[in-house]
Every structure is written in structure tokens, then in C-alpha cells.
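In: Turn this into a structure:
(one chain, ligands or ions: 1)
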Amino acid sequence: MPVNFQTCDLCDAHKSEDGGAFRVLPPVFHHYGGLRQFAGPVVTVKCFEDNSLVKQAVDSAGNGRVLVVDGGGSLRKALVGGNLAAAAARNGWAGVVVDGCVRDVAELRSAEVGIMALGLMPMPTEKRGEGQKDVAVMVAGVPVRPGDWLYADEDGVVVTQGPVHMAAS
Ligand SMILES: O=C([O-])CC(=O)C(=O)O
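Out: Purely as a prediction, here's the structure:
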């Protein structure tokens, strides 16, 4: 899906809203993927130091959606690495936002997909098949629900209840 937005413009247009439909993630996420601007409807996974469901999601068709992973903010294990990033790109995901860590920095950079995370960690997870998908999650203290829209660029990450980006001018 073509994207034409700037998170700064979205924030200018919505800065007075306080009903919770327009949210901004705190500036704790860094870009690691080959795309540094991406947007799409949200799919969620909630897991802790187990990326089984993250793998399952990126192995399925993304259709331009954004996978939001509530990894509980763990800094001890990487929930996405080069293989999962390549799968996400190949299967048409717009991006993956991880409240947790990622690894294989060079491979992430060469994947044509947005990848954002708290940091890098070379230690992988155990795949025990645990976690939940399509549930409301909290990401860095901000609620994110399946079907929300997420907009990310180099300035930050905005989450909205529906699509808000402006048409190409
Ligand atoms: O499989 C994993 O646990 C994560 C990883 O290293 C990859 O995606 O390449």
C-alpha cells in the first residue's frame, strides 16, 4: 500500500484530541529495517521471550499490515532476527514493531520491511509455542488493538483507531 504521511503532520492535525483515538508511542523505538516509513492496519502478538507466534505471523500473508509485538519490554532475548524479517518482507508485511529486542542487524537492514524495536540483543528466544495473538496489548504503556492503524517514520510512531493519512497531493 502506498504511504503518504508524516507523523509530524498527523500530530499537528490531531494534537488537541484527548479521547484516546489518536495515540503516540514514547520515543523508545529504533528503526532497524530497510524501510523507515511504513503504515497499515495492526495485527498483534503478545508473548514473552518466546517468538513462536511472531514466526507464525510473519510466515503468513501480511497484506500490508503491521505486526505489533508486545514482548513485555524484555531486553534479554531477541523476538525477531534476519530470518523472520526476510519472511515478513517476502510475505507482504508493512512493518513489525517489537516492544522488546531484535538481532541480526545487517540482515534486518537489508529486509524491505519496517522493523522497530527497543534495542539489539544477540540472544534468541526459546520456541515453546506460548503467547497470544489478536489481543489488545500495551506497548510501552500505550494501548494498541487489532485493527488500529499504525504510522511510523523517522520522527516516531502514531497509532489511531482508523486510517487517518491524507491523500496524496
Ligand atoms: O528465529 C529466531 O528466533 C529469530 C531469528 O534469529 C531470526 O529470525 O533469524
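
In: who's the most centrally placed residue in the chain bridged to?
Out: Centroid-nearest residue in the chain: residue 97, 2.0 Å away (criterion: CA atoms, centre = their mean). Legend: beta-bridge partners of residue 97 under DSSP bridges are residue 68, residue 116.

In: That one and the ligand, how far apart?
Out: Counting by CB to the nearest ligand atom, to the nearest Å, the separation of residue 97 from the ligand is 16 Å. In this view, the C-beta of every residue, glycine as well, is placed from N, C-alpha and C.

In: Looks like that residue contacts residue 150 (just checking).
Out: Yes - the criterion here is CB atoms under 8 Å, and residue 97 meets it with residue 150 at 6.6 Å.

In: can you tell me the distance between the two ends of stretch 6-20?
Out: 20 Å (CA to CA, to the nearest Å).

In: In that stretch, which residues are buried?
Out: Across stretch 6-20, burial judged by 16 or more other CB atoms under 10 Å covers 6, 7, 10, 11, 14.

In: which parts of the chain sit against the ligand?
Out: 51, 80, 81, 82, 83, 84, 103, 104, 124, 125 (CB under 6 Å from any ligand atom).

In: Residue 150 is in contact with residue 159, correct?
Out: Yes - under the criterion of CB under 8 Å, residue 159 makes contact with residue 150 at 5.2 Å.

In: quick one: common contacting residues for the two?
Out: Shared contacts of residue 159 and residue 150, defined by CB atoms under 8 Å, 6 or more residues apart in numbering, comprise 42, 144.

In: higher neighbour count, the two?
Out: Shown here are residue 159 and residue 150; by other CB atoms under 10 Å, residue 150 has more neighbours (27 against 23).

In: show me what contacts the residue nearest to residue 67 when sequence neighbours are not counted?
Out: With sequence-adjacent residues excluded and distances taken as CB to CB, 6 or more residues apart in numbering, residue 67 is closest to residue 96, at 4.6 Å. Contact analysis of residue 96 by CB under 8 Å, 6+ apart lists 33, 54, 58, 66-69, 80, 84-85, 88, 113-116.

In: For this protein, which residue gets nearest to the ligand?
Out: As assessed by CB to the nearest ligand atom, the ligand sits closest to residue 81 within the chain, at 2.4 Å.
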